[in-house]
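Novice: sequence and predicted structure are below.
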Amino acid sequence: MSEDTFDLSGRVALVTGASRGIGRAIAMLLARHGAVVVVSSRKLEGCEAVAGEIRAAGGKASALACHIGEVEQIAAAFGEIDARHGRIDILVNNAATNPYFGPAVDMEIAAFQKTVDVNIRGFFCASIEAGRRMIAQGKGAIVNVASVNAFRPMDGQAVYSMTKAAIVNMTQGLAREWGRKGVRVNALAPGLVETKFAAAVHSDPKRRAIAESLTPLGRIAQPGEIAGAALYLVSDAASFTTGSCLTVDGGWLA
């Protein structure tokens, strides 16, 4: 396979939740392969820092604040992308939340609603905004970052796991609708990754040891190890891949 199939030169990519962790790693890698990256998360300062890193490395990037849990902000963000670039070729839905870790019977409805608003409604609304534009262009690629929790819920994460399962199903539904319009939609399911987001698990020695013991590779992942899968899914290397969920979990589901 030619290395050119991973060339994203001239394509505009929006990566949500890109100020740190998996999102940052994906944004950096897409830029390295030529994409013009819009780095987005709730706080502009963090986005500017990552966009600055990309530009310092010779890439092209800008920062855009957007709370994926607020529908109005999503619409405004895509309007800003229209004004700046006039197109959107790649969307990586990565921003997510998990405000509660513990028994489902003790979860407050506010935490439940926040999780659903960000992880399901936010992903859907961002996908629709991107999909409308990509359909008009006749081409585009969307990657929804789910989790292995979609297939095997972890203790203390019943609602978070439920939302990740919904993302996988949504991915399949949109892929079926938009395939003949030139838009590919895929999901990515990481295992446990050493990020601030997953600190409740990997920073606890007992939980981390259990996770490592259940992973055939014997360790948890670093954010950069997830980014390569996202690059594949948005690139022409995956031109016949849509409606799929690519698992990057060190063999944990196996």
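Specialist: Alright, I've got the coordinates. Treat the numbers as computed from the prediction; the structure is a model and nothing was measured.
Novice: quote the end-to-end distance of stretch 229-243.
Specialist: One end of stretch 229-243 sits 15 Å from the other (CA to CA, to the nearest Å).
Novice: same question for that stretch, mean pLDDT?
Specialist: Taken as a whole, stretch 229-243 has an average pLDDT of 98.
Novice: enumerate the positions of it that are buried.
Specialist: Neighbour-count burial for stretch 229-243, counted by 16 or more other CB atoms under 10 Å, picks out 229, 230, 231, 232, 233, 234, 235, 237, 238, 242, 243. Quick note: C-beta positions are derived from backbone N, CA and C, even for glycine.
Novice: residue 45 - that's part of a strand, no?
Specialist: No. Using DSSP: H, G, I helix; E, B strand; the rest coil, the assignment for residue 45 is helix, not a strand.
Novice: any idea how far residue 19 is from it?
Specialist: Residue 45 is 8 Å from residue 19, where distance means CB to CB, to the nearest Å.
Novice: which one of these two has more residues nearby?
Specialist: The residue with more neighbours, out of residue 45 and residue 19, is residue 19; 25 against 10, by other CB atoms under 10 Å.
Novice: nearest to residue 249, of the buried residues of stretch 229-243?
Specialist: residue 229 (10.5 Å; CB to CB).
Novice: so who does that closest one touch?
Specialist: Going by CB atoms under 8 Å, 6 or more residues apart in numbering, residue 229 touches 188, 246, 248.
Novice: same check on residue 251?
Specialist: Shown in contact with residue 251 (CB under 8 Å, 6+ apart): 215, 216, 217.
Novice: excluding its backbone neighbours, what's nearest the second one?
Specialist: I take that to be residue 216. The shortest distance from residue 216 to any non-neighbouring residue, by CB to CB, 6 or more residues apart in numbering, is to residue 251 (3.3 Å).
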